[in-house]
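[1] Sequence first, then the predicted structure:
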Amino acid sequence: GQQLNQSPQSMFIQEGEDVSMNCTSSSIFNTWLWYKQDPGEGPVLLIALYKAGELTSNGRLTAQFGITRKDSFLNISASIPSDVGIYFCAGREGAQKLVFGQGTRLTINP
Amino acid sequence: DVKVTQSSRYLVKRTGEKVFLECVQDMDHENMFWYRQDPGLGLRLIYFSYDVKMKEKGDIPEGYSVSREKKERFSLILESASTNQTSMYLCASSSPRQGLGYTFGSGTRLTVV
């Protein structure tokens, strides 16, 4: 099956900094989603994007669905310690199946 | 509070053992999925099911099988556990009636020795 290329694989930042990560694919997706996994837990949905060019915010998080439908990015503004975790992008493949990126591990120095 | 519950958080098994990982959801979701999570590889789909008694292979089904006898329960079976199956296993469920997002369980960290 296809995979999404997510970058960077890891980030080490200072508290208060902004964060940016992205996902690219060789195929077109009709839906992009972003998940966050806290240590020791399963991933939780953060943002879902349904239209090319769509820009959606959820608090300090902003995500965009690329105009080519082959990419998406997630920004986190003014990072705080609870933002630590692994962030996954996912694209919808077929009717109900998602394909996930490799994940971006975010570490924050206080 | 809606939930996907995985029966064990941590499991240690010996090579060659038959291993059962259980997943139960209380949301009446039609779709259920099993993923394994390995560092640098993200989430890889093992098997999924869109209905009771229905199953389809994902991207890495070798060495695994599944069972879905009831709508709420989806079991992952390692027929003969091997050390390369040491991993974090995540179960998820979803429903076309409730959008495309998956609800994940907390995961089972399996170590095969």
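    That came through fine.
[2] Please tell me how far the residue of chain A found nearest chain B sits from residue B:68.
    In chain A, no residue comes nearer to chain B than residue A:42, which is 3.1 Å away by C-beta to the nearest C-beta. C-beta: built from backbone N, CA, C; applies to glycine. Relative to residue B:68, residue A:42 is positioned 19 Å away (C-beta to C-beta, to the nearest Å).
[3] again with residue A:36
    Going from residue A:36 to residue B:68 by C-beta to C-beta gives 28 Å.
[4] what residues are up against the most centrally placed residue in chain B?
    By C-alpha atoms, centre = their mean, chain B has its centre lying nearest to residue B:34, at 3.0 Å. With contact set as C-beta atoms under 8 Å, 6 or more residues apart in numbering or on different chains, residue B:34 has these partners: B:21, B:23, B:45-48, B:58, B:64, B:66, B:74, B:76, B:89-91.
[5] now the end-to-end length of stretch B:80-87.
    Start-to-end span of stretch B:80-87 (C-alpha to C-alpha, to the nearest Å) is 15 Å.
[6] So it, near chain A or not?
    No: Stretch B:80-87 lies out of reach of chain A by C-beta under 8 Å from any C-beta of the partner chain, never closer than 14.0 Å.
[7] Which residues of chain B lie near chain A?
    Proximity of chain B to chain A, by C-beta under 8 Å from any C-beta, involves residues B:4, B:31, B:33, B:35, B:40-45, B:48, B:50, B:58-59, B:90, B:92, B:94, B:96, B:99-102, B:104-107.
[8] In chain A, where is pLDDT below threshold?
    A:1-2, A:95 (pLDDT under 70).
[9] swap the cut-off to 80 and go again
    Counting by pLDDT under 80, the low-confidence segments of chain A come to A:1-3, A:93-96, A:110.
[10] Quick one: residues contacting the closest residue in space to residue B:87 that isn't next to it in sequence.
    Excluding the flanking residues, the one nearest residue B:87 by C-beta to C-beta, 6 or more residues apart in numbering or on different chains is residue B:36, at 4.5 Å. Residues near residue B:36 by C-beta under 8 Å, 6+ apart: B:43, B:44, B:46, B:60, B:87, B:88, B:89, B:90.
[11] Tell me where chain A has strands.
    Taking DSSP state E, the strands of chain A run over residues A:5-7, A:10-14, A:19-24, A:32-37, A:44-49, A:55-58, A:61-65, A:71-76, A:85-93, A:97-100, A:104-109.
[12] can you pull the buried residues of the fifth one?
    Under the neighbour-count criterion of 16 or more other C-beta atoms under 10 Å in any protein chain shown, strand A:44-49 has A:45, A:46, A:47, A:48, A:49 buried.
[13] And the contacts of it?
    Here strand A:44-49 makes contact (C-beta under 8 Å, 6+ apart) with A:31-38, A:56, A:58, A:61, A:63-65, A:72, A:74, A:87, B:99-102, B:104.
[14] Can you list the strands that that strand pairs with?
    Using DSSP bridges, the strands paired with strand A:44-49 are strand A:32-37 (antiparallel).
[15] List the strands paired with the helix or strand hosting the residue nearest to the centre of chain B, with their directions.
    Following DSSP states H and E, the helix or strand that holds residue B:34 is strand B:31-38. Using DSSP bridges, strand B:31-38 pairs in its sheet with strand B:42-49 (antiparallel), strand B:87-94 (antiparallel).
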